[in-house]
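>>> Next come a sequence and a model predicted from it.
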Amino acid sequence: MARILTLTLNPALDLAIRVGPIRLGEVNRTESTRLDAAGKGINVARVLRDLGHDVTVSGLLGADNETAFVRAFARYGLHDAFVRIPGESRINAKLSEPDGRVTDLNGPGPLIPAHALDMLSVRLGPLLPGIEAVVISGSLPPNMAPAQLASLITRVRERQMPVWLDTSGPALLAGLAVRPTGVKPNETELAEWAGHPLDTPESRLQAALRLNAEGIEDVLVSAGAEGVIWAQRGDALMAESPRVSVVSTVGAGDTLLAGALHGVMSGWPRERSLRFATALAAESVRHIGVGDPAAGDLDMLQAQTLVRSLTVQPLTGETHR
Ligand SMILES: Nc1ncnc2c1ncn2[C@@H]1O[C@H](COP(=O)(O)OP(=O)(O)OP(=O)(O)O)[C@@H](O)[C@H]1O
Ligand SMILES: O=P(O)(O)OC[C@@]1(O)O[C@H](CO)[C@@H](O)[C@@H]1O
């Protein structure tokens, strides 16, 4: 199994709230609430660890409310290489309604001190030589410039190490410009890069292929219940998700990325990796939290996941299914 590092620059405590149909402006009684150490890179790490990898988590963690994170790292078997910064990591509220609608209220996170990224570099220096893949996931702290993310990616790439990126907005644009090995935008995030809506599989495919052509080897575009496109060096596969009843989609994208990377690191054919990742992501939406590789019906979910090739005509980019 592989040694993998995930970086979460702006982790969060996720407050998952299950509630009946929300009545805005009124008192709503919730069905359940729970608070978990999260943030995209930490979620990815949990799934990879459950899949048997040796996973180190790093990034920038607020020292004042670190206890829940430290306990979670111990419980999940993750090596803690987070740099502590003053203040508290944010709390993100996730409201799940009975019809499957999920509303995310994500905080900005704490401001980071001027020397925080230097401290992170120092921390990562001795770690990186033993690492086989790096995942950088989630938003940036409010005072971290997208260019600083780009230089972090570049420094890791200079060590010939694969870097997978999952972020959004200006950070995604800056990250894409320096060509990580792989990216996992959802359709909204990719649309920001493309500059127009990507509401059909065809438009998502075209955008993914453009990224391949610009030098990003693996482009995994998630589109919720509509499934996933995985474009690799101009050759694309599409997976249709199995139907499941939705409790919370929070962490589905992280589960998908972890499942795909697991396939890559295990040397599986891409079709197998995509089927596995898509089924595991569907498993995750049935409950709060990331996907569980030990779920008893994962094989059945995989059998219900349709993967097909999208045959690409190189010059026009026209597709035939
Ligand atoms: N309703 C659903 N039914 C089945 N599978 C789903 C559903 N919603 C999401 N998934 C699976 O999870 C994957 C990731 O979901 P989505 O596109 O919402 O990612 P995301 O926006 O990055 O999520 P997040 O940032 O909350 O982790 C989808 O491509 C799909 O495989
Ligand atoms: O605000 P960001 O960093 O973009 O996303 C943070 C977040 O929504 O992503 C995870 C789900 O993917 C959650 O655990 C977490 O709250």
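In hand now; what should we look at? What you see is a predicted model, and the numbers here were worked out from it, not measured in a lab. Ligands and ions are numbered 1, 2, ... in the order given.

>>> residues contacting the residue in the stretch 151-300 of the chain positioned nearest to ligand 1?
Of all residues in the stretch 151-300 of the chain, the one sitting closest to ligand 1 is Gly253 (2.1 Å; Cβ to the nearest ligand atom). To be clear about C-beta, it is placed using only N, CA and C from the backbone, and glycine gets the same treatment. Shown in contact with Gly253 (Cβ atoms under 8 Å, 6 or more residues apart in numbering): 40, 166, 184, 186, 222, 281.

>>> out of those residues, who's nearest ligand 2?
Nearest to ligand 2, judged by Cβ to the nearest ligand atom, of those is Lys40 at 4.5 Å.

>>> Tell me the residues of this protein that contact ligand 1?
Within the chain, the positions near ligand 1 by Cβ under 6 Å from any ligand atom are 186, 222-225, 227-228, 241, 244, 246, 249-254, 256, 278, 281-282, 285.

>>> list the contacts for Ala260?
Residues near Ala260 by Cβ under 8 Å, 6+ apart: 182, 184, 218, 220, 230, 273-274, 277.

>>> how about these in JSON lines, adding pLDDT and distance to ligand 2?
Putting the contacts of Ala260 into JSON lines (pLDDT from 0 to 100; distance: Cβ to the nearest ligand atom, whole Å) gives the following:
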{"residue": "Gly182", "pLDDT": "98", "distance to ligand 2": "16"}
{"residue": "Lys184", "pLDDT": "98", "distance to ligand 2": "10"}
{"residue": "Asp218", "pLDDT": "98", "distance to ligand 2": "19"}
{"residue": "Leu220", "pLDDT": "98", "distance to ligand 2": "14"}
{"residue": "Trp230", "pLDDT": "98", "distance to ligand 2": "19"}
{"residue": "Ser273", "pLDDT": "98", "distance to ligand 2": "20"}
{"residue": "Leu274", "pLDDT": "98", "distance to ligand 2": "19"}
{"residue": "Ala277", "pLDDT": "98", "distance to ligand 2": "15"}
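
>>> for the nearest residue to Ser137 once chain neighbours are set aside, what are its contacts?
Distances taken as Cβ to Cβ, 6 or more residues apart in numbering put Lys40 closest to Ser137, at 3.4 Å, once the chain neighbours are dropped. Listed by Cβ under 8 Å, 6+ apart, the contact partners of Lys40 are 8, 137-138, 166-167, 253-254.

>>> I'm done for today, thanks for sticking with me.
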